[in-house]
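Participant: quick one, fold the following:
(chains A and B)
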Protein chains: 2
Amino acid sequence: MRSDQTNRRFLLRRRPGGDFDPAVLELVREPLPVPGPDQALVRVKYLSLDPSNRIWMGEGESYIPPVPLNAVMRGAGIGEVIASNNRRYPVGSKVIGLLGWQDYALVGGGEEFPSQRLPRFLPVPLPSLLGAMGFTGMTAYFGMLDIGRPRRGETVVVSAAAGAVGSVAGQIAKIRGARVVGIAGSREKCDWLVRELGFDAAVNRRDADWRAQLAAACPDGIDVDFENVGGEIMEAVFELLNHHARVVLCGMIAGYGEDGAARGPRNFSVLLMRRIRLQSLIVLDYQRRFTRAGMHLAWWMRRGKLKDRQTVVRGLEQAPAALAGMFRGENTGKLLVELG
Amino acid sequence: MRSDQTNRRFLLRRRPGGDFDPAVLELVREPLPVPGPDQALVRVKYLSLDPSNRIWMGEGESYIPPVPLNAVMRGAGIGEVIASNNRRYPVGSKVIGLLGWQDYALVGGGEEFPSQRLPRFLPVPLPSLLGAMGFTGMTAYFGMLDIGRPRRGETVVVSAAAGAVGSVAGQIAKIRGARVVGIAGSREKCDWLVRELGFDAAVNRRDADWRAQLAAACPDGIDVDFENVGGEIMEAVFELLNHHARVVLCGMIAGYGEDGAARGPRNFSVLLMRRIRLQSLIVLDYQRRFTRAGMHLAWWMRRGKLKDRQTVVRGLEQAPAALAGMFRGENTGKLLVELG
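Facilitator: Numbers count the residues shown, from 1 in each chain, chains lettered A, B, ... in the order given. Okay, here's the model as predicted:
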């Protein structure tokens, strides 16, 4: 065990209003927690930063309850068991779960969302288990294949395409033979999408003429919208939707500052007039199929068809600023915090 | 042939802006058309008035092109062949199709949307072929059963429930064992829905507390929204949607005054947060399955499980005012014009 016998934790002190303000989180030091009869103590190694963190801080509509005020911030992570009273979590084993924004977490008895022990031999490095092989990759996998269902030659547009979910979603559509167009927030990201990930085109939404670029990149219209952003980007994509198109409503990061109450698109009637199917997903619904999906994802990664990129920030104390940076589009691929 | 050798026709003189104004249509008299080599002359007997008439008059987003200015108003109808140069349409046969708002129509060669000859022996009266057994009933059938898919005991809400499509959609959900709640525009309509059609509850949207009534009528939330209205009614229904609910986006009559550009609901994010599937339909896509659906609908009608009510207006000249009345909610069930 490390010299510091304290547990640093980020507590949620206020609900963020409007844009995410890192100051709503306060770093406190508490004594190292002592595992109860059915618990194990985990040292957190990686934390996953996700747009949903912002949703969980607010009291707006969500699929799970908000983080209570003055409680530790909720977040997915991977860690190693360093003390245990639970046979399912022996010392030295790795666990994945909602470990929270802290150096040490208790797992086992009493967890609201039970953590899982990882197998001893892993097909990919640990960070990928929070990225392309984790909830992130699973979200892209089921969203694209179950809802989007791109056919060979169809046009798929992915917004926030250089983000964690978007970059995997676009690559899966490529594997399925679709023409894939990404929308991202910088020239560098667009270059990465096209040169490294094999997207057919990428549009920089900070260019003045991004709408015209998008239309030019989709000469046959859009058959699948893998939507991560919402707002005016979604509206521009809706304009180009073909009849019978599918909208995978995966996220609306542009609207999370409104406490989840992202307003509808001005051109909502496109959905009515063009026989569109729109569907959202919460990846936990697909848990029974994770094993099979994981095999697909791992196979694609090993064959080089699916690239997993991470932006890794070092030090728990960096987490709030890094999350704020995500909302400004600063990360490429999966954003992780590596602890201690 | 009747004594009047002129054809009265409504021509679309202007595009309606905002609410539908009957004055955009002008009744003109033209000589009776003479069927060409491959055509037949049809005397129109019934005209179907539909919310989509308003869409076709505008230049907003639609699934078929707008009615050209100074052309005859597009509308579905049933008529009888009175002169023919086309073997498929012998004199005396009945045809159904987009005959237009006129006393006489040419069918056969050159029709943009080909009319169909009706069988000699019909299982239901002619008006029902424009109502519960026609496009109207088919829209309700495929929308409810293919998209809504209510399960026994689930709660289905239908807006504009006393309208042509809504009243059929609600009855089909009842047949499938769902709890059905209608939203309609008067106490009389609500009473009809509950007493005659067997709806479990009906909410009068003109009552001040209609939102509270709706919530009270749906104690277990809403599993299927058969949406015909849009606007604030759709927003109120969205608030009550259960996770995994289905939205059949059949129409948004509240927004047609905006030339089809009905804005999205303020609580659009409900779709994201509650794993909703939303899908629109255009009934023509289901044409291959019309025969089988028609057998179901006819069977239900004969067994008294599906009631088909019409509001019949007499005289072509009444059509524009009757359509305006539809947008004020004046009709119950299918609105038809009976000619000459």
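
Participant: my guess is residue A:185 contacts residue A:161. True?
Facilitator: No - using Cβ atoms under 8 Å, residue A:185 is not in contact with residue A:161; the gap is 9.4 Å. Glycine gets a C-beta too; all of them are placed from N, C-alpha and C.

Participant: could you list the domains of chain A?
Facilitator: Following automatic domain parsing, one finds the domains of chain A at A:6-124+A:309-338, A:135-284.

Participant: which among the ones you listed is found nearest to chain B?
Facilitator: Closest to chain B of those, according to Cβ to the nearest Cβ: domain A:135-284, at 1.9 Å.

Participant: buried ones in stretch A:108-117, by neighbour count?
Facilitator: Within stretch A:108-117, the residues scored as buried using 16 or more other Cβ atoms under 10 Å in any protein chain shown are A:108, A:115, A:117.

Participant: now, those that are in strands?
Facilitator: Counted as lying in strands by DSSP state E, out of those, are A:108, A:117.

Participant: export the domains of chain A to CSV and tack on distance to chain B and mean pLDDT?
Facilitator: Formatted as CSV, the domains of chain A follow (distance: least, Cβ to the nearest Cβ, whole Å; pLDDT from 0 to 100):
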stretch, distance to chain B, mean pLDDT
domain A:6-124+A:309-338, 5, 94
domain A:135-284, 2, 95
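
Participant: can you tell me which of these is packed in deepest?
Facilitator: Ranked by mean neighbour count, those are led by domain A:135-284 with a mean of 22 (mean count of other Cβ atoms under 10 Å in any protein chain shown).

Participant: for that domain, measure first residue to last.
Facilitator: In domain A:135-284, first residue to last residue: 8 Å (Cα to Cα, to the nearest Å).

Participant: just tell me which of the domains of chain A ends up closest to residue B:330.
Facilitator: Counting by Cβ to Cβ, residue B:330 lies closest to domain A:135-284 out of the domains of chain A; the figure is 23.6 Å.

Participant: can you give me the offset of that closest one from its chain's centre?
Facilitator: Counting by Cα atoms, centre = their mean, to the nearest Å, domain A:135-284 is centred 15 Å from the centre of its parent chain.

Participant: try stretch A:116-136
Facilitator: Centroid separation for stretch A:116-136 versus its chain: 14 Å, with Cα atoms, centre = their mean.

Participant: who touches it?
Facilitator: If you take Cβ atoms under 8 Å, 6 or more residues apart in numbering or on different chains as the criterion, stretch A:116-136 is touched by A:45-46, A:48, A:50, A:76-78, A:88-89, A:93-97, A:137, A:140, A:164-165, A:168, A:283, A:294, A:297-298, A:301-302, A:306-308, A:310, A:312, A:333-334, A:336.

Participant: how about a cut-off of 6 Å?
Facilitator: Outside stretch A:116-136, the residues that touch it by Cβ atoms under 6 Å, 6 or more residues apart in numbering or on different chains are A:46, A:48, A:78, A:89, A:93-96, A:164-165, A:168, A:283, A:297-298, A:308, A:310, A:334, A:336.

Participant: span of it from start to end?
Facilitator: End-to-end distance for stretch A:116-136: 16 Å, by Cα to Cα.

Participant: I'd like the next helix or strand past whichever strand or helix holds residue A:45.
Facilitator: According to DSSP states H and E, residue A:45 maps onto strand A:39-49. Sequence order places helix A:51-57 as the next helix or strand after strand A:39-49, per DSSP H and E.

Participant: could I get the CA-only coordinates of that following helix as CSV?
Facilitator: Provided in CSV are the C-alpha atoms of helix A:51-57 (Å, rounded to 0.1, in the frame of the first residue of the first chain):
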residue,chain,number,x,y,z
PRO,A,51,-20.2,12.9,-21.3
SER,A,52,-22.6,11.1,-19.1
ASN,A,53,-20.7,12.3,-16.1
ARG,A,54,-22.2,15.7,-16.7
ILE,A,55,-25.7,14.2,-16.9
TRP,A,56,-25.2,12.4,-13.6
MET,A,57,-24.3,15.7,-11.9
